[in-house]
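Engineer: The following block contains a protein sequence and its predicted model.
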Amino acid sequence: MAQDVGTHGGRPGLGSLAPSSLTDEIVLRLEKAILEGVYPPGTHLLQDELCERFGVSRTPVRQALRDLQARNLVVLVANRGATVRVPSRRDAQEVYAVRAELEGYAAELAAARADSRVELELAGVEARVVHLASRLQRFDELALPAVVELQLAAGDFHKVLQRACGNERLVSTIQHVERSFPMEYVSLAIGNNDDNQLLNVDEHQAISRAITRRDGNGARLAMKSHVLHLGEKVVRYLEDHRFWE
């Protein structure tokens, strides 16, 4: 799984930097690249090549890698440099357990505040999810783009409810937890479409029905169950592919 980051890999979003706040900027760019799967777990981050890519000296790159280690995103080993951290089974389980509680609470709040505009937004996103899930099941040649689009559409469904919940601190916390686990794994798990209809269509519709009824407790329970199901799917996919062996 491990790979080296070279200077000709065409990595997106990693241009030269302005001289101010170099370390913070490098941290932000590398964090985004790691969590979005540009640098998958096990990737060896070579300091000299990062310096060349960002157009900076070794000092800000070295400090940025230390900061990323403090965020549990990379592992620094003496005389070996930095490697993108491979999350553990416990990491995955804890992230989704926390997300389930937080997003369940957001859905409960959204149910109390929902109006026709929120219902219309949810219906629009649901239609996209149904269409994309159908494509994924019926056309193998479209699987890869459909998986990416389906993940984005499913994320939009959650974002509609988060915007509707009216608690900015809660939304910020959800986003922080969500970003702590590489999205690459979620895409891979969703692409394994044994129960995509249930996960991405039926469960979303159950949440929407609770929102329409203004049933806060029902929305909370349905969302919590949905996020836990997604977490189980991610862990099962990684186990099936001997990720932790």
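Structural biologist: That came in fine, so what should we check first? Residues are numbered from 1 along each chain as shown.
Engineer: where does the residue nearest to the spatial centre of the chain sit relative to residue 86, distance-wise?
Structural biologist: The chain has residue 183 as the residue nearest its centroid, 3.6 Å off, counting by CA atoms, centre = their mean. Here residue 183 is placed at a distance of 15 Å from residue 86 (CB to CB, to the nearest Å). Any C-beta I mention is one placed from the backbone N, CA and C, and that applies to glycine too.
Engineer: before we move on, the earlier item: the residue nearest to the centre of the chain reaches residue 34, doesn't it?
Structural biologist: No: applying CB atoms under 8 Å, one finds residue 183 not in contact with residue 34, separated by 10.1 Å.
Engineer: List the buried residues for the host helix or strand of residue 90?
Structural biologist: Taking DSSP states H and E as the criterion, residue 90 maps to helix 89-113. For helix 89-113, burial by neighbour count (16 or more other CB atoms under 10 Å) applies to 92, 94-96, 98-111.
Engineer: again with stretch 118-133
Structural biologist: By neighbour count with 16+ other CB under 10 Å, stretch 118-133 contains the buried residues 118, 121, 122, 125, 126, 128, 129, 130, 132, 133.
Engineer: Report how many residues lie close to the closest residue to the first one other than its chain neighbours.
Structural biologist: To tie it back to what came earlier, the one meant is residue 118. Leaving aside its sequence neighbours, residue 118 sits nearest to residue 164 (CB to CB, 6 or more residues apart in numbering; 4.7 Å). Using other CB atoms under 10 Å, residue 164 has 22 neighbouring residues.
Engineer: surely residue 164 meets residue 116?
Structural biologist: No: if you go by CB under 8 Å, residue 164 and residue 116 don't touch, sitting 11.9 Å apart.
Engineer: who does the host helix or strand of residue 25 touch, helix- and strand-wise?
Structural biologist: Take DSSP H and E as the rule and residue 25 turns out to sit in helix 22-35. Applying 3 or more CB pairs under 8 Å, 6 or more residues apart in numbering; DSSP states H and E, one finds that helix 22-35 contacts helix 47-54, helix 58-70.
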